[in-house]
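> My questions are about this predicted structure, shown below with the sequence.
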Amino acid sequence: MKLIGTTLLLLCMINAKAQQGYLLVGTYDSPKSEGIYVYTFNSSDGTAKEISHVKIPNASFLTVSPDQKYVYAVSETGDSSGQGGKVMSFFFNKKTGTLKQLSQQSSGGSRPCYITIDKTGKWVLVGNYTSGNFSILPAKNGILGKPKKTVQHSGSGPDTARQKSPHVHGIFMKKDNAGFFVTDLGTDKVMKYKFDAKTGNVSPEKNPFVALSPGSGPRHMDFHPKLSVMYVLNELSGSIDVLKPWGAGDVAIVQNIPSFPLYYRGPAGSADIHVSPDGRFLYCSNRGALHNIGIFSIDSATGHLTTLADQPSMGERPRNFNFDPTGKFLLVGNQGSDEMVIFKRDIKTGLLTDTGNRISVGKPVCIKWVMGK
């Protein structure tokens, strides 16, 4: 009896630990959604339960402070003057799983679609898609100040429907927090900036950008956790560029590989890209007509990619996706079918298996985590 009791206690402790992570989902407004949703997630069986939600117009992207106390979100709105975008901050109560709004500021542009925070937690960076610029806002105890600086991009690309002007689509801090990259879908460039975390000052690097193939439309990127390698997903061409540092502060493209099967000839609509926590596999989402997750193995020495599999997303228009904190599950937000699909991830092979678990939520577009209670 004593052994059975001890075993049951251990199982309860493991299960309690498995449910300590909160899943946060940003959404576009729809009849089935109205802001940011909070769930508990059980990493032992891949199930989720809604705890709360907060109403905010078009909360299409989120970021969490390094201390996990605050959540920052864009409100993807805008007007004809190139303004109207908003950034909001929230206190996250780990005991109740609820969000309390603390502040709101202008994003410095129109229709902000990306937000991130530096490693000190003192600066929030937001990218404005329609106006083609990005802003840096100070943050203290979760309270946002007015933009310290707004940097305007210029230029265009060959796709007359999507690239008439610059479109900032992502901001990605370097590991050392001394700089960041900005993907500009409208100009086919990855812009490079120096960053001073003490002052919030930003300036272009000596070699200010990496030029990608005309019409590629860079959208998102991710860093390898061990190698000096970066991966850029191009929305319009559907390709992945593998980048490495080269020379004195420059970056070179060392590989370009399709994110979808070679037989496919339709629109790409590529959306999100992530490297697995162990650095062995890369995943990307494609909307277009494929609605899939591309899976690639990563060479441990060079960082080069080899295609492994084409996994249907089990829904329509897979946008953002993310690993759970254990790396055992991959959660995919299918924006077009108002549902998140939870896949089990084979740590050894990188392949995905549908668990059958679903989260019903309207137009999911961003997935983040807050750990601990």
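Okay, I see it.
> Provide a list of residues in contact with L102.
70, 89-91, 142-144 (CB atoms under 8 Å, 6 or more residues apart in numbering). For every residue, glycine as well, the C-beta is placed using N, CA and C.
> for G249, same thing?
Contacts of G249 (CB under 8 Å, 6+ apart): 205-207.
> go with 10 Å
179, 192, 194, 205-207 (CB atoms under 10 Å, 6 or more residues apart in numbering).
> what does I136 give?
108, 118, 123-126, 147-151, 171, 180, 193, 195, 200-202.
> I'd like the mean pLDDT over stretch 117-137, please.
Taken as a whole, stretch 117-137 has a mean pLDDT of 98.
> Sort out which residues of that stretch are buried, please.
117-118, 121, 123-137 (16 or more other CB atoms under 10 Å).
> could I get it in PDB with only the CA atoms?
Below are the C-alpha coordinates for stretch 117-137, written out as PDB (Å, rounded to 0.1, in the frame of the first residue of the first chain):
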ATOM      1  CA  ILE A 117      11.100  42.800 -26.500                       C
ATOM      2  CA  ASP A 118      14.800  43.100 -25.800                       C
ATOM      3  CA  LYS A 119      16.600  40.900 -23.300                       C
ATOM      4  CA  THR A 120      16.700  43.600 -20.600                       C
ATOM      5  CA  GLY A 121      12.900  44.000 -20.700                       C
ATOM      6  CA  LYS A 122      13.300  47.800 -21.000                       C
ATOM      7  CA  TRP A 123      12.600  48.200 -24.700                       C
ATOM      8  CA  VAL A 124       9.700  47.000 -26.900                       C
ATOM      9  CA  LEU A 125      10.100  47.000 -30.700                       C
ATOM     10  CA  VAL A 126       7.100  47.000 -33.000                       C
ATOM     11  CA  GLY A 127       7.000  46.600 -36.800                       C
ATOM     12  CA  ASN A 128       4.300  48.500 -38.800                       C
ATOM     13  CA  TYR A 129       3.500  46.500 -42.000                       C
ATOM     14  CA  THR A 130       1.500  49.100 -44.000                       C
ATOM     15  CA  SER A 131       3.600  52.100 -43.300                       C
ATOM     16  CA  GLY A 132       6.800  50.200 -43.600                       C
ATOM     17  CA  ASN A 133       8.500  51.400 -40.400                       C
ATOM     18  CA  PHE A 134       9.300  50.200 -36.900                       C
ATOM     19  CA  SER A 135       9.300  51.900 -33.500                       C
ATOM     20  CA  ILE A 136      11.200  51.500 -30.200                       C
ATOM     21  CA  LEU A 137       9.200  52.100 -27.100                       C
END
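> How far away from the center of its chain is it?
14 Å (CA atoms, centre = their mean, to the nearest Å).
> and the end-to-end length of stretch 145-159?
For stretch 145-159, the first and last residues are 37 Å from each other (CA to CA, to the nearest Å).
> Tell me the buried residues in it?
Result for stretch 145-159 [16+ other CB under 10 Å]: buried residues 147, 150-151, 153, 157, 159.
> Now render those residues as a markdown table, adding secondary structure and pLDDT.
Below are the buried residues of stretch 145-159 laid out as a markdown table (DSSP: H, G, I helix; E, B strand; the rest coil; pLDDT from 0 to 100):
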| residue | secondary structure | pLDDT |
| --- | --- | --- |
| P147 | coil | 97 |
| T150 | strand | 98 |
| V151 | strand | 98 |
| H153 | coil | 98 |
| G157 | coil | 98 |
| D159 | coil | 97 |
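> among the residues you listed, which two are most distant?
P147 and D159 (29.3 Å; CB to CB).
> all strands of the stretch 251-373 of the chain, in order?
Ranges of strands within the stretch 251-373 of the chain are 270-275, 281-286, 292-298, 305-312, 318-323, 329-334, 339-345, 352-360, 364-370, based on DSSP state E, counting those that start in this stretch.
> Now go through the buried residues of stretch 117-137 and say which are in strands.
117, 123-128, 133-137 (DSSP state E).
> Which two of those residues have the greatest separation?
I117 and N133 (18.3 Å).
> Quickly list what V124 is bridged to.
I117, L137 (DSSP bridges).
> I figured it hits P138, correct?
Yes: counting by CB atoms under 10 Å, V124 touches P138, with 7.8 Å between them.
> Need the overlap of contacts for those two.
105, 144-145, 147, 200.
> Could you dump the residues you listed into JSON lines with secondary structure added?
Output for the shared contacts of V124 and P138, formatted as JSON lines (DSSP: H, G, I helix; E, B strand; the rest coil):
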{"residue": "Q105", "secondary structure": "strand"}
{"residue": "L144", "secondary structure": "strand"}
{"residue": "G145", "secondary structure": "coil"}
{"residue": "P147", "secondary structure": "coil"}
{"residue": "G200", "secondary structure": "coil"}
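> Return the closest of the residues you listed with respect to T355.
Once CB to CB is applied, the member of the shared contacts of V124 and P138 that ends up nearest T355 is L144, at 37.5 Å.
> Contact partners for that closest one?
70, 72, 87-89, 102-106, 124, 126, 137-138.
> Residues in a beta bridge with it, which ones?
A139.
> and it, how far is that from K164?
According to CB to CB, to the nearest Å, L144 stands 31 Å off from K164.
> all helices of the stretch 101-250 of the chain, in order?
Under the criterion DSSP state H, counting those that start in this stretch, the stretch 101-250 of the chain carries no helices.
> What ranges in it fall below the confidence cut-off?
Applying pLDDT under 70 to the stretch 101-250 of the chain flags residues 247.
> again, only this time at 80
Within the stretch 101-250 of the chain, the segments meeting pLDDT under 80 span 247-249.
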